[in-house]
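Trainee: requesting a structural model of the entry that follows:
(one chain, ligands or ions: 3)
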Amino acid sequence: MSINVLLGLQWGDEGKGKVVDYLAPNYNVIARFQGGPNAGHTLEFDDTKHVLHQIPSGVFRSGTKNIIGNGVVLDPIILQREIEALQQKGVDPTENLFISKKAQLILPTHRLLDAAYEQSKGDKKIGSTLKGIGPTYQDKIGRLGLRVGDVLREDFASLYKHRAEAHKKKLDSYQYPCELESLEQEFWEAIDFLRQLNLIDSEIYLHDQLANNIPILAEGAQGSLLDIDFGSYPFVTSSTTTAAGACTGLGIAPRHIGEVFGIFKAYCTRVGAGPFPTELHDALGEELRKKGSEFGATTGRPRRCCWLDLPALNYAVKLNGVNQLFMMKADVLNEMDEISVCTHYQLSDGSKIDYIPHDLRDNVVTPIYKTLPGWDFDVNSVSHFSDLPESFLNYVQFIEEFVKVPINLVSLGPKRLQTLIKAETILANN
Ligand code: GDP
Ligand code: IMO
Ligand code: MG
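Mentor: Residues are numbered from 1 along each chain as shown. Ligands and ions are numbered 1, 2, ... in the order given. Below you'll find the predicted structure:
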């Protein structure tokens, strides 16, 4: 038995939450392996919409165990709020939620530092979600961080104080106001709350599940083009968002990775700053934003929108070893006469490439497009993949031939049931 991985192939917000929730009945365990509350994963069913930030998207499936792995950065305040909000809706996630003692803790001062760093960048801001992600991973790599398991130590308060003091000095050097009183009060309440949850050595738990042939799905956050190494650096997040991150973020050996499900929108979006070669600055971009309700699930910011970027998709497929593609939000392109896709980038010397180069700035790469016929059908009337209109299936086939991976699932709306699969085989675990 191996672990299947589901991850985003673009700049995040591809619809990971929806698909993890859809696939969850086929798995006993869903495990988040990186990122933190910068993620906003939306699920919709029974006429209710839920947005998850820290908790894995298997939480609404009874009996599914949800793991927050060691590669995640955890904000105890946001976690407590998220759990309490679910409890108010009649869902108690605590029994089936297991948190790695090795996950790093986001402290209130990490959030302030995130804001201070962004402010100091002036017009070079990354557009961080300001959840403290960068400063927390910085402390992790600097071997200074506090981990979830530390909250069980009798000297946790002094460990915290020591770290917070160092952060305060840094905030002073950035001349950033450090008003901590109410934040710290919330933090200590949340630490008490965290102590009551299932804090475990999650890698050992997962090894046991693997040994017992229990199906596991790893849930990625962000997207491959926000990866710390391969994304559009420095406009990236601070974790490994690719399939390799599932190994380090869960303590799983590469040979235990099974299927890699890569999910992408039928077009592209990006929230925050950074290069975005096919960005539409015109009415069409606005139309995609409106039809796709493209506003951030974490920050509410409008997402930048554009046509599908195949060099970027191709690159992400290779980085992750994707062997099944899931295409999301195809309904948003409905009723368009023509659909463009970027097939290559032209470099300043005239050469053409079909991958993401080191430098993605506008004056370095010029996208080259191909136009395909659009489609127009009642998206709620189709219940089988093969009933999709010809021009839709042509679009699917064009992408499949370009990246050489089959598209086995298409999503035609935000709801759990607005999902078509090519064949039941995609639900097989290994
Ligand atoms: P995630 O971060 O990858 O989980 O994605 P988000 O939740 O941030 O953003 C995806 C948005 O698209 C959410 O509002 C979903 O409800 C919505 N969504 C997901 N799949 C579809 C789809 O096929 N069609 C439409 N119209 N919306 C979708
Ligand atoms: P999900 O899991 C989209 C973006 C931010 C910013 C950059 C760095 O919902 O797909 P950070 O807060 O990590 O320091 O921000 O990364 N970003 C996301 N964009 N979806 C996300 O997560 C994102 N998480 C971070 O907008 O540009
Ligand atoms: Mg999101």
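Trainee: which residues in the stretch 51-200 of the chain form strands?
Mentor: 65-68, 73-74, 97-100, 104-105, 198-200 (DSSP state E, counting those that start in this stretch).
Trainee: for ligand 2, what's its nearest residue on the stretch 301-430 of the chain.
Mentor: Scanning the stretch 301-430 of the chain for the residue nearest ligand 2 gives Arg301, at 7.4 Å (criterion: C-beta to the nearest ligand atom). No exception for glycine: its C-beta is placed from N, CA and C like everyone else's.
Trainee: pLDDT score for that residue?
Mentor: Listed pLDDT for Arg301 reads 90.
Trainee: and what of Asp359?
Mentor: 86.
Trainee: how about the residues of the chain near ligand 2?
Mentor: 8, 11-13, 35, 38-41, 126-129, 131, 133-134, 221-223, 226, 237, 271-272, 297 (C-beta under 6 Å from any ligand atom).
Trainee: ok, back up a step: quick one: contacts for the residue of the stretch 301-430 of the chain closest to ligand 2?
Mentor: Gly127, Val271, Gly272, Phe295 (C-beta atoms under 8 Å, 6 or more residues apart in numbering).
Trainee: that older thread, any chance of the strands of the stretch 51-200 of the chain in CSV, plus mean pLDDT?
Mentor: Converted to CSV, these look like this (pLDDT from 0 to 100):
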stretch, mean pLDDT
strand 65-68, 98
strand 73-74, 98
strand 97-100, 98
strand 104-105, 98
strand 198-200, 98
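Trainee: between the ones you listed, which gets nearest to His256?
Mentor: When the strands of the stretch 51-200 of the chain are compared by C-beta to C-beta, strand 65-68 sits nearest His256, at 14.7 Å.
Trainee: ok, back up a step: so which of the residues of the chain next to ligand 2 are also by ligand 3?
Mentor: Asp13, Gly40, Ala297 (C-beta under 5 Å from the ion).
Trainee: these: which ones sit near ligand 1?
Mentor: Asp13, Gly40, Ala297.
Trainee: what about Gly220, distance to Glu203?
Mentor: Distance, Gly220 to Glu203, using C-beta to C-beta, to the nearest Å: 18 Å.
Trainee: ok, these two, which is more surrounded?
Mentor: Gly220 (33 against 17; other C-beta atoms under 10 Å).
Trainee: how much space between the residue lying closest to that one once chain neighbours are set aside and Arg195?
Mentor: Spatial nearest neighbour of Gly220, excluding adjacent residues (C-beta to C-beta, 6 or more residues apart in numbering): Leu7 at 3.1 Å. Leu7 sits 31 Å away from Arg195 when distances are taken as C-beta to C-beta.
Trainee: which residues of the stretch 151-300 of the chain lie near ligand 1?
Mentor: Checking the stretch 151-300 of the chain against ligand 1 by C-beta under 6 Å from any ligand atom, the hits are Gly292, Ser293, Ala297.
Trainee: may I have the residues that are in contact with the nearest residue to the first one once chain neighbours are set aside?
Mentor: Same thing as Gly292. Leaving out its chain neighbours, the residue that sits closest to Gly292 by C-beta to C-beta, 6+ apart is Val332, at 4.2 Å. By C-beta under 8 Å, 6+ apart, the residues touching Val332 are Lys265, Ala266, Tyr267, Leu288, Lys291, Gly292.
Trainee: same question for Asn213.
Mentor: Met1.
Trainee: begin at 62, not 1, for the rest of this chat.
Mentor: Right, with 62 as the first residue, what we last looked at is Asn274.
Trainee: where's it, which helix or strand?
Mentor: In the assignment (DSSP states H and E), Asn274 maps to no helix and no strand.
Trainee: also the one 4 residues further on?
Mentor: Mapping Leu278 onto the secondary structure by DSSP H and E places it in strand 277-280.
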